[in-house]
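A.B. asks: Any chance you can model this:
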Amino acid sequence: MSKIGHDELGQILDRITDPADRKSTSQVCKGWWLIEAQSRTSLRVNDPHHLPRLLARYPNLTTFETPRGMSNADLALVAQSCPKLEAFILDDISISVEIGRQGMRALGYTYPYRVGDEDALGISNDEAHEILRVVNEVGDQGLCALAEGCPKLSKIVLRRTGAGLLGIMTMITSAAHNLTHLDLEGCSLVTDQVLEAIGSSSCPIRILSLRFCSEITDAGLRFLANGSCSKTMEQLNLSSCREITDDGVLLLCNMRVLEELDLRYCNQLTDVGGQAISTIRTLKKLNLDCLFNLTEETFVAVAENCINLEVLNLQQCHVTAASIDAFLGHKCLRCLNLFCCISHDIKGSTLESLALGCPSLESIVVHRTWRQRLVQDMQESTVSRFLKFWFN
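C.D. replies: Got it, this is the predicted structure:
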């Protein structure tokens with residue numbers, strides 16, 4: 001029997017897409033072990049101690065991801081080892097992994113004891129907070145090394161409260177021509193300077209998340225609205241950017257292809273901003289959760305003007321029956337979330353009419369405590385088909 005060559009082994013391996021199956025296959029023979037290492041393009045590192053060995057084994061990575069802390073030296077090693085990198089993802093920190101069960105208890109979390117816990121090294125509240133502070137830091141030096149060593153980056157995710165501002169700015173500037181996805185959720189050091197860097201560059205950015213970036217203001221949104229990214233941005237997450245006002249939201253009307261907008265907890269917004277949002281006719285997903293100052297005026301305007309809207313979240317908003325009735329006949333709405341919304345006149349008949357009068361509708365989310373008052377005025381088939389009962 002003739003020996004199977006590397007080309008044939010590679011063709012077989014190409015048909016195996018599941019990561020676990022590829023790992024198992026690579027252990028069959030040395031040939032597959034070598035080919036799997038050369039052909040692998042993505043890596044998720046759960047233990048940074050293995051980083052040098054893993055990066056040496058996989059020289060052709062285009063995606064790197066980890067939920068663990070990364071030092072400047074770690075980042076520099078990634079930059080040196082992965083010149084073809086296109087996606088760099090520092091995902092949400094796993095708190096329980098970083099500080100253990102004892103640390104979680106020190107922070108006030110309730111964790112049942114297991115055998116061996118009594119022998120584990122104790123940790124104080126202050127020590128737990130210090131560990132988390134350190135692992136959330138992402139140094140400017142390391143980020144600058146990434147910017148220099150990985151010129152092909154198009155997706156950058158930095159979900160770290162301590163990510164350095166200079167490093168973030170350098171990465172944006174370096175990746176300007178390729179950057180399409182930027183997620184800075186929770187980066188407490190991010191300011192309007194970052195949005196100025198994005199707006200003044202030629203970034204073809206499509207997805208931008210600034211969730212929990214509490215220093216972002218209307219001035220920052222002006223840079224986005226007046227920059228070239230206003231012609232490319234499809235998804236924008238401003239959740240919990242509490243300094244944003246109606247003036248900033250008015251600027252978003254310049255976004256020409258915006259499909260998804262998240263404004264949760266932007267509590268300064270009123271109907272002035274709400275009605276401005278309704279003029280963005282390209283919207284498909286809109287999240288207005290916890291915007292207590294919005295009224296029927298905004299919701300009716302959204303129903304009438306956002307003709308492509310598919311998903312609308314009105315959790316904890318003041319919603320009236322008239323607001324719901326405005327969506328009768330809407331051609332695209334698939335999901336309406338009314339969980340925990342504040343309402344005194346929404347009845348089962350209101351939601352029944354919407355379910356039957358909105359041909360695209362698939363689900364209406366309400367609080368479980370509404371069940372009794374709603375089902376009295378609704379057909380059982382409508383309840384089972386459309387209503388989703390959630391609980392806190």
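A.B. asks: what number of residues lie near K284?
C.D. replies: 18 (other Cβ atoms under 10 Å). Every residue, glycine included, has its C-beta placed from N, CA and C.
A.B. asks: Quick check: buried residues in the helix or strand where L54 lies?
C.D. replies: Using DSSP states H and E, L54 falls within helix 51-57. Counting neighbours by 16 or more other Cβ atoms under 10 Å, one finds that the buried residues in helix 51-57 are L51, L54, L55.
A.B. asks: Report the mean confidence score over the next helix or strand after it.
C.D. replies: Using DSSP H and E, the next helix or strand after helix 51-57 towards the C-terminus is strand 63-66. The pLDDT scores in strand 63-66 average 97.
A.B. asks: Parallel or antiparallel, which strands does strand 63-66 pair with?
C.D. replies: Here strand 63-66 is paired, per DSSP bridges, with strand 42-44 (parallel), strand 87-90 (parallel).
A.B. asks: Any chance you could list what contacts the longest one?
C.D. replies: Put plainly, it is strand 87-90. Strand 87-90 is contacted from outside by 42, 62-67, 70, 78, 138, 146, 150, 153-160, 163, 181, using Cβ atoms under 8 Å, 6 or more residues apart in numbering.
A.B. asks: what do you get for the first one?
C.D. replies: The set of residues that contact strand 42-44 without belonging to it, under Cβ under 8 Å, 6+ apart, is L54, Y58, L61, T62, T63, F64, E65, T66, A87.
A.B. asks: Please indicate which of those are buried?
C.D. replies: L54, Y58, L61, T62, T63, F64, T66, A87.
A.B. asks: Out of the residues you listed, which comes closest to G348?
C.D. replies: A87 (46.9 Å; Cβ to Cβ).
A.B. asks: Tell me which of the strands paired with strand 63-66 lies nearest to V97.
C.D. replies: Nearest of these (Cβ to Cβ): strand 42-44, 13.4 Å.
A.B. asks: pLDDT (mean, whole number) over the closest one?
C.D. replies: pLDDT averaged over strand 42-44 gives 94.
A.B. asks: residues of that strand that come out buried?
C.D. replies: Buried residues in strand 42-44, counting neighbours by 16+ other Cβ under 10 Å, are found at L43.
A.B. asks: Equivalent analysis for stretch 351-366, please.
C.D. replies: Those would be L351, E352, S353, L354, A355, C358, L361, I364, V365, V366, for stretch 351-366 by 16+ other Cβ under 10 Å.
A.B. asks: Quick one, which of the contacts of strand 87-90 are buried?
C.D. replies: By neighbour count, with 16+ other Cβ under 10 Å, those hold 62-64, 66-67, 70, 78, 138, 146, 150, 153-160, 163, 181 as buried.
A.B. asks: show me the contacts for the closest residue in space to C266 that isn't next to it in sequence.
C.D. replies: Closest residue to C266 apart from its sequence neighbours, by Cβ to Cβ, 6 or more residues apart in numbering: I244 at 5.0 Å. Counting by Cβ under 8 Å, 6+ apart, I244 touches I216, T217, D218, L221, L238, L263, C266, Q268, L269.
A.B. asks: which of the residues you listed lies closest to S381?
C.D. replies: Using Cβ to Cβ, L263 is the member of the contacts of I244 that lies nearest S381, at 34.9 Å.
A.B. asks: Roughly how far does that closest one sit from K285?
C.D. replies: 11 Å (Cβ to Cβ, to the nearest Å).
A.B. asks: Specify which residue of the two has the higher count of neighbours.
C.D. replies: Neighbours were counted for L263 and for K285 using other Cβ under 10 Å; L263 has more, 27 against 16.
A.B. asks: burial count for the residue lying closest to N305 once chain neighbours are set aside?
C.D. replies: Spatial nearest neighbour of N305, chain neighbours left out: S278 (4.3 Å); criterion: Cβ to Cβ, 6+ apart. As a burial measure, S278 scores 23 neighbours (other Cβ under 10 Å).
A.B. asks: Might one say that S278 is in contact with L309?
C.D. replies: No - with contact defined as Cβ atoms under 8 Å, S278 does not count as touching L309 (9.5 Å).
A.B. asks: Identify the contacts common to the two.
C.D. replies: V302.
A.B. asks: Any idea which residue is closest to the centre of the protein?
C.D. replies: Nearest to the mean C-alpha position of the chain, counting by Cα atoms, centre = their mean, stands S209 at 6.4 Å.
A.B. asks: contacting residues for that residue?
C.D. replies: The contact partners of S209, by Cβ under 8 Å, 6+ apart, come to L182, D183, L184, E185, Q235, L236, N237.
A.B. asks: Could you do L77 as well?
C.D. replies: L77 neighbours (Cβ under 8 Å, 6+ apart): L51, P52, L55.
A.B. asks: could you pull out the helices for the stretch 51-200 of the chain?
C.D. replies: Along the stretch 51-200 of the chain, counting by DSSP state H, counting those that start in this stretch, helices occupy 51-57, 72-81, 95-106, 125-136, 140-149, 165-174, 192-200.
A.B. asks: Mean pLDDT and distance to E304 added to these, as TSV?
C.D. replies: Listed next are the helices of the stretch 51-200 of the chain as TSV, based on pLDDT from 0 to 100; distance: least, Cβ to Cβ, whole Å:
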stretch	mean pLDDT	distance to E304
helix 51-57	95	54
helix 72-81	96	49
helix 95-106	73	44
helix 125-136	78	44
helix 140-149	96	45
helix 165-174	95	38
helix 192-200	96	31
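A.B. asks: Now tabulate those in a markdown table and tack on distance to L291.
C.D. replies: Converted to a markdown table, those look like this (distance: least, Cβ to Cβ, whole Å):
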| stretch | distance to L291 |
| --- | --- |
| helix 51-57 | 43 |
| helix 72-81 | 38 |
| helix 95-106 | 29 |
| helix 125-136 | 29 |
| helix 140-149 | 34 |
| helix 165-174 | 28 |
| helix 192-200 | 22 |
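A.B. asks: Which one, of these, ends up nearest to V383?
C.D. replies: That would be helix 95-106 among the helices of the stretch 51-200 of the chain, by Cβ to Cβ, at 38.8 Å.
A.B. asks: Which strands or helices does that closest one pack on?
C.D. replies: For helix 95-106, the contact count by 3 or more Cβ pairs under 8 Å, 6 or more residues apart in numbering; DSSP states H and E identifies helix 125-136 as packing neighbours.
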